[in-house]
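Colleague: this one's structure only:
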């Protein structure tokens, strides 16, 4: 009797680091009309509590999250800190040396958006906004996800999600399927 085949994960790539090719700040999630929701607006209730002495955890109107680091479009694999999704998972938060606190890599600024690792806890990677690359074994393809955190509500916004046909490596061109940023394709390469 015929049985439907179950997608089999690829044997796995060898690179621990991948990057969006040609990435510069603002390549994704910048001034596109659909991503305007990422910007703090005059009526959002955001402001520095003390404009003469802004602190990293102060709400801010305007320049973004104080204390964040500018993202360079890179994704890292770290099985010891986050092994729940297996060896075919990379995230911007898994950069070596990242830790909770000011400028330590759990707050990431990019374009007009920012994201924050939920509760500074890698185990909670997918409960907040998490830029990531993963192999979707159910659908049988690679997925590139870039998410941002909304000002005030901290809701997760899909900035750009794309897929790449199966292969044994996440490197290659991803085609946009959803997100507020309309860029049609992004290319990922091993570092």
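Modeller: Cool, got the structure. What you see is a predicted model, and the numbers here were worked out from it, not measured in a lab. Numbers count the residues shown, from 1 in each chain.

Colleague: from here on, contacts and neighbour counts on C-alpha atoms
Modeller: Fine.

Colleague: next one: the residue nearest the centre of the chain from residue 53, what distance?
Modeller: By CA atoms, centre = their mean, the chain has its centre lying nearest to residue 131, at 1.3 Å. Residue 131 sits 30 Å away from residue 53, going by CA to CA, to the nearest Å.

Colleague: same check on residue 18?
Modeller: Residue 18 sits 37 Å away from residue 53, going by CA to CA.

Colleague: look at those two and report which has more neighbours.
Modeller: Per other CA atoms under 10 Å, whichever of residue 18 and residue 53 has more neighbours is residue 18, with 21 against 8.

Colleague: is that one in a helix, a strand, or coil?
Modeller: Three-state call for residue 18 (DSSP: H, G, I helix; E, B strand; the rest coil): strand.

Colleague: for it, which non-adjacent residue is spatially closest?
Modeller: residue 190 (4.4 Å; CA to CA, 6 or more residues apart in numbering).

Colleague: surely the one you found meets residue 21?
Modeller: No: in this structure, residue 190 is not within contact of residue 21 by CA atoms under 8 Å, at 9.1 Å.

Colleague: can you give the distance from the worst-scoring helix or strand of the chain on mean pLDDT to the centre of its chain?
Modeller: Across the helices and strands of the chain, mean confidence by mean pLDDT, DSSP states H and E is lowest for strand 113-116: a mean of 86. Distance, stretch centre to chain centre, for strand 113-116: 8 Å (CA atoms, centre = their mean, to the nearest Å).

Colleague: ok, and what's touching that strand?
Modeller: 29-30, 38-39, 64-65, 68, 106-109, 128-130, 147-150 (CA atoms under 8 Å, 6 or more residues apart in numbering).

Colleague: secondary structure element for the closest residue to the residue nearest to the centre of the chain other than its chain neighbours?
Modeller: Sequence neighbours aside, residue 146 is the residue nearest to residue 131 in space, at 4.3 Å (criterion: CA to CA, 6+ apart). Under the criterion of DSSP states H and E, residue 146 resides in strand 141-149.

Colleague: ok, which stretches of the protein are strands?
Modeller: Under the criterion DSSP state E, the chain contains strands at 17-20, 69-70, 74-76, 89-91, 107-110, 113-116, 132-136, 141-149, 156-165, 172-178, 185-190.
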